[in-house]
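Novice: here's a sequence, model it:
(chains A, B and C)
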Amino acid sequence: MILGRSFYDRPTVEVARDLLGKVIVLGAVAGRIVETEAYVGMHDGAAHASRGLTARTRVLFGPPGHAYVYFIYGMYHCLNLVAEAEGSPGCVLIRALEPVRGIGIMRRRRGVERLEALASGPGKLTVAMGIDLRWNGADVTEGRFTVRDDGMPLGGSIAAGPRIGIRKAVDWPLRFWVQGNRFVSRG
DNA sequence: GGTAGGATGGGCT
DNA sequence: GCCCATCCTACCC
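Specialist: Below you'll find the predicted structure:
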């Protein structure tokens, strides 16, 4: 079943934890979320939203259940899902996926064979899924690009620790992953 | 097993 | 002009 608006219209940390195990589907390609990070809004120095409302962060201030995609390091894209009510700019960075469907397509897009290398990082997974700026602002509660609950168990407990690659609020334990899962970016 | 450095361009001060 | 929510390669234990 496709996750509806109410799933995302909750505190960002809850959404970040509950997204673990859910499946992102885009066309013929799908992957199970095994690692996320919460960016909790204007008071979070590491969050883009802490700079306020700009052309780039507009989607974050909009309604929940939409994709926030941005371009980073001149080469990569990162995928986030907007949480909390309109006007409250929380979002969840998707950091790693376990490939579920369209694995041949992912291998071709990534140019690597190893299953664990296809989507085990925020920049890798957008390449594997074919996500770029065209998907910024997309509604993920309907259409070709959705997030689904297929009822599969997590296969491990939820671990928490500091977020990766940031320089502010470095000690906040807002990174969540499935303990022991071989597809996370860092165990 | 590990890490240092470079690629590469948009956003914001 | 500086700062990135990254990844890959080269090189070193």
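
Novice: next one: the residue in chain A that DNA strand C sits nearest to from DNA strand B, what distance?
Specialist: Distances between chain A and DNA strand C by C-beta to the nearest atom of the strand are smallest at A:G165, namely 1.8 Å. Just so you know, the C-beta spots here come from the backbone N, C-alpha and C atoms, and that holds for glycine as well. As judged by C-beta to the nearest atom of the strand, to the nearest Å, A:G165 and DNA strand B stand 11 Å apart.

Novice: kindly report the same for A:E37.
Specialist: From A:E37 to DNA strand B the distance is 19 Å (C-beta to the nearest atom of the strand).

Novice: nearest residue to that residue other than its sequence neighbours?
Specialist: Of all residues not flanking A:E37 in the chain, A:L93 sits nearest, at 4.3 Å (C-beta to C-beta, 6 or more residues apart in numbering).

Novice: which pLDDT value belongs to that neighbour?
Specialist: Among the per-residue scores, A:L93 shows a pLDDT of 98.

Novice: count of residues packed around it?
Specialist: Residue neighbour count, defined by other C-beta atoms under 10 Å, stands at 22 for A:L93.

Novice: cool, A:G165 as well?
Specialist: With other C-beta under 10 Å as criterion, A:G165 counts 13.

Novice: give the helix, strand or coil label for it.
Specialist: coil (DSSP: H, G, I helix; E, B strand; the rest coil).

Novice: interface residues of chain A facing DNA strand B?
Specialist: Counting by C-beta under 7 Å from any atom of the strand, the positions of chain A adjacent to DNA strand B are A:48, A:51, A:54-57, A:71-75.

Novice: keep only these that also lie close to DNA strand C.
Specialist: A:48, A:72-75.

Novice: hang on, the earlier thing: what pLDDT is listed against the residue of chain A closest to DNA strand C?
Specialist: 96.

Novice: distance of it from A:A117?
Specialist: Per C-beta to C-beta, to the nearest Å, A:G165 is found 18 Å from A:A117.

Novice: that older thread, quick one: buried residues of the host helix or strand of the residue nearest to A:E37?
Specialist: Here A:L93 sits within strand A:91-101, counting by DSSP states H and E. The neighbour-count check on strand A:91-101 (16 or more other C-beta atoms under 10 Å) flags A:91-100 as buried.
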